[in-house]
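K.L.:
Pasting the sequence and the predicted coordinates here, then a few questions.
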Amino acid sequence: DYDAFSNRLYIVEGNLFKDVGAAGIGVRVGSNTNASPGTPVASMPEPLYLVNNTFVYNPEAVSGGGNTVALNNVFMENDIALRSVDTDSVLQNNLLFNNTIDSTESNAATGTISGDPLLDSNFEIQAGSPAIGAGVASYSHTYTNHTYTNMDDSDVTDVVIDVGSAPDLGWGGIGDSGSSCNDGLDNDGDGFCDTASSTCTDGSTPGDPGCANVSDQDEQSSLLRCDDGADDDSDGRIDFDPVTLASPGDENTGPAGQGDPGCASPTWPREDPQCQDGEHNDGDGKMDYDAGLSANSVADPAGPDAACVGKPWRDNEKKRRCGLGFELALLLAPVGWLTARWRRG
């Protein structure tokens, strides 16, 4: 912190400060850059906004700062979590767990969350953590802007955070609170939950293809035709459903579940493969795996296509043919040689 007011704004958001050997964030006096624990700190008047960070295993997590706003952070197993964060500083909805000292010479904190945050190997919160949905969704901070000499001071209001609904705490939780990709549940019914490193609490399998990360707002993706939440082929059925895959029905019985029988998995490229598109694709007079019942709501009297029966996800109504071209030529060659030899004999 230099002598003159610098008219600057500092924002630190969505970071992991782990075992840094000194202060994760240290505001020092003047040009002193010594971040060692216990070094004198400054009540810096410039605003410092700390939002959705995680501090673990540090001698000091945050020290100094007179206009610091700390929201939605996780402080775990630090020697000192907060030291001399004072004056106009605001400490709200942070999780403090197992620090030797949570706070010293700092402003009073509000909305503090306690309990094990249940961090995984990446120090991101897991299902069941008290940090899920515990953050501040909207907060504005007003402070006095100490402008340059011979100019009047003025009040400034900054929007520190405004995400609509309560977010999770920590560096992996900047998204929506209890986001569908971080709640341990299969929210879209495709048999998968959250990310590959998640723990599913409902018996589903970790790693929903629709989840980009734990902060993703939902388990579906507009890039996946069988996991986008839309009826892409207008047959009244949407996306992959393991129940539908197991019981797709036939020309007499409609599919089970809510899914599209044309989807063999959430990453299947289309909802309307040739064996479930309601069309005659190979000119044999037959249609689809179910004679078009699931696509057209009525079965074609000619019946289902033999190549598609039991395989609604197949994108070819023609049966595969055994390759007898090259192999047959190899077989006939010695036969022809033997025939010619017999004639000569």
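P.N.:
Yep, it's here.

K.L.:
gap between Arg237 and Gly254?
P.N.:
9 Å (C-beta to C-beta, to the nearest Å). (C-beta placed from N, C-alpha, C; glycine too.)

K.L.:
So for those two, which residue has more residues nearby?
P.N.:
Comparing Arg237 with Gly254 by other C-beta atoms under 10 Å, the one with more neighbours is Arg237, at 22 against 15.

K.L.:
hang on, the earlier thing: got any residues that touch both of Arg237 and Gly254?
P.N.:
Counting by C-beta atoms under 8 Å, 6 or more residues apart in numbering, the shared contacts of Arg237 and Gly254 are Ser294.

K.L.:
so who does the residue nearest to the spatial centre of the chain touch?
P.N.:
With distances taken as C-alpha atoms, centre = their mean, Asn213 lies nearest the centre of the chain, 2.5 Å away. Going by C-beta under 8 Å, 6+ apart, Asn213 touches Gly172, Cys181, Thr195.

K.L.:
Looks to me like it is in a strand.
P.N.:
No - going by DSSP: H, G, I helix; E, B strand; the rest coil, the assignment for Asn213 is coil, not a strand.

K.L.:
Kindly export stretch 273-285 (C-alpha atoms) in PDB.
P.N.:
What follows is stretch 273-285, C-alpha atoms only, in PDB (Å, rounded to 0.1, in the frame of the first residue of the first chain):
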ATOM      1  CA  PRO A 273     -31.400 -42.400 -37.300                       C
ATOM      2  CA  GLN A 274     -32.700 -44.300 -40.300                       C
ATOM      3  CA  CYS A 275     -34.200 -47.000 -38.000                       C
ATOM      4  CA  GLN A 276     -36.300 -44.500 -36.100                       C
ATOM      5  CA  ASP A 277     -37.100 -41.600 -38.500                       C
ATOM      6  CA  GLY A 278     -40.500 -42.700 -39.800                       C
ATOM      7  CA  GLU A 279     -39.200 -43.000 -43.400                       C
ATOM      8  CA  HIS A 280     -38.700 -45.700 -46.000                       C
ATOM      9  CA  ASN A 281     -34.900 -45.400 -46.500                       C
ATOM     10  CA  ASP A 282     -33.900 -48.500 -48.500                       C
ATOM     11  CA  GLY A 283     -36.800 -49.100 -50.800                       C
ATOM     12  CA  ASP A 284     -37.900 -52.500 -49.400                       C
ATOM     13  CA  GLY A 285     -41.300 -51.300 -48.300                       C
END
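
K.L.:
Residues in contact with that stretch: which ones?
P.N.:
Taking C-beta under 8 Å, 6+ apart as the rule, stretch 273-285 contacts 233, 235, 260-262, 272, 286-290, 292, 294-296, 302, 305, 307-308, 311-318.

K.L.:
Would you list the buried entries among the residues you listed?
P.N.:
233, 235, 260-262, 272, 286-290, 292, 294-296, 305, 307-308, 311-315, 317 (16 or more other C-beta atoms under 10 Å).

K.L.:
so of those residues, which ones are in helices?
P.N.:
If you go by DSSP state H, the buried ones among the contacts of stretch 273-285 have Ser294, Ala295, Asn296 in helices.

K.L.:
which stretches of the stretch 1-150 of the chain form strands?
P.N.:
Secondary structure of the stretch 1-150 of the chain (DSSP state E, counting those that start in this stretch): strands located at 10-13, 16-18, 23-26, 48-51, 54-56, 60-63, 68-71, 74-76, 80-83, 90-92, 95-97, 101-104, 109-110, 138-145.

K.L.:
Can you name every helix or strand that the third one contacts?
P.N.:
In other words, strand 23-26. strand 60-63 (3 or more C-beta pairs under 8 Å, 6 or more residues apart in numbering; DSSP states H and E).

K.L.:
and the strand it packs on, which strands flank it?
P.N.:
strand 23-26 (parallel), strand 80-83 (parallel) (DSSP bridges).

K.L.:
any idea which of the ones you listed is most buried?
P.N.:
Greatest average neighbour count among the strands paired with strand 60-63 goes to strand 80-83 (a mean of 28), per mean count of other C-beta atoms under 10 Å.

K.L.:
Can you pull out the low-pLDDT segments for the chain?
P.N.:
1-7, 145-153, 173-179, 215-216, 320-345 (pLDDT under 70).

K.L.:
Throw the strands paired with strand 60-63 into JSON lines and include distance to Ile125, thanks.
P.N.:
Output for the strands paired with strand 60-63, formatted as JSON lines (distance: least, C-beta to C-beta, whole Å):
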{"stretch": "strand 23-26", "distance to Ile125": "18"}
{"stretch": "strand 80-83", "distance to Ile125": "17"}
